[in-house]
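S.K.: fold the following for me, if possible:
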Amino acid sequence: MSKKDLINMLNQDLSAELGTIIRYNYQASKASGPEAPSMREMLRGEIPDELGHATFLSDVIVDLGGEPTLKPKEFKPTENLKDMLEQDLKLELQDVVNYKQHAQAAEALGEVELKLKLEEMAADESEHARELARVLRGI
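M.R.: Residues are numbered from 1 along each chain as shown. As a prediction, the model looks like this:
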């Protein structure tokens with residue numbers, strides 16, 4: 001494991017966060033039906049957290065000597081609210097796995113602060129996944 005490998009991992013995380021910001025904004029705009037007002041609020045309410053994650057990741061990538069990605073992770077646009085939320089849940093759970101693995105890589109390189117922050121971000125994404133699963137059970 002090298003610092004370059006860690007930077008690549010962090011850029012994957014940054015790409016995912018940038019994609020999530022775009023995806024949530026898109027989905028909030030496209031949400032319709034009786035659940036739309038609450039879903040719009042929930043999705044847009046998550047954007048500041050995702051932006052905070054992206055900001056942290058960008059700063060750390062630069063501090064480690066890397067170049068932050070500008071490319072958001074792509075997603076498949078969906079029209080149906082249930083499909084949107086299922087996609088979100090799948091991607092949030094993948095983010096949890098990635099953050100946990102990347103925290104271990106940071107620890108291996110002695111990056112204690114980064115390890116702890118990535119674990120915290122994994123917990124944030126896990127909480128959001130739990131909320132999405134709860135909403136999905138009601139649809």
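
S.K.: report all helices and strands that the helix or strand harbouring R130 contacts.
M.R.: Element membership for R130 (DSSP states H and E) is helix 112-137. Here helix 112-137 touches helix 36-63, helix 81-108, going by 3 or more CB pairs under 8 Å, 6 or more residues apart in numbering; DSSP states H and E. Yep, even glycine has a C-beta here, placed from its N, CA and C like the rest.

S.K.: return the distance of it from the chain's centre.
M.R.: Relative to its chain's centre, helix 112-137 lies at 9 Å (CA atoms, centre = their mean, to the nearest Å).

S.K.: minimum distance to V135: which of the helices and strands packed on helix 112-137 has it?
M.R.: Of all the helices and strands packed on helix 112-137, helix 81-108 sits nearest to V135, with 6.1 Å by CB to CB.

S.K.: give the buried residues for that closest one.
M.R.: 81, 84-89, 91-93, 95-96, 98-100, 102-103, 105-107 (16 or more other CB atoms under 10 Å).

S.K.: stretch 61-81 now?
M.R.: 61, 64, 66, 68-69, 72-73, 75, 78, 81.

S.K.: tell me the two of the residues you listed that are most distant?
M.R.: L64 and L81 (39.1 Å).

S.K.: most remote residue from the middle of this protein, which is it?
M.R.: P34 (26.6 Å; CA atoms, centre = their mean).

S.K.: contacts only, for the spatially most central residue of the chain.
M.R.: Nearest residue to the geometric centre of the chain (CA atoms, centre = their mean): E17, 4.2 Å. Under the criterion of CB atoms under 8 Å, 6 or more residues apart in numbering, the contact list for E17 reads 50-51, 53-54, 57.
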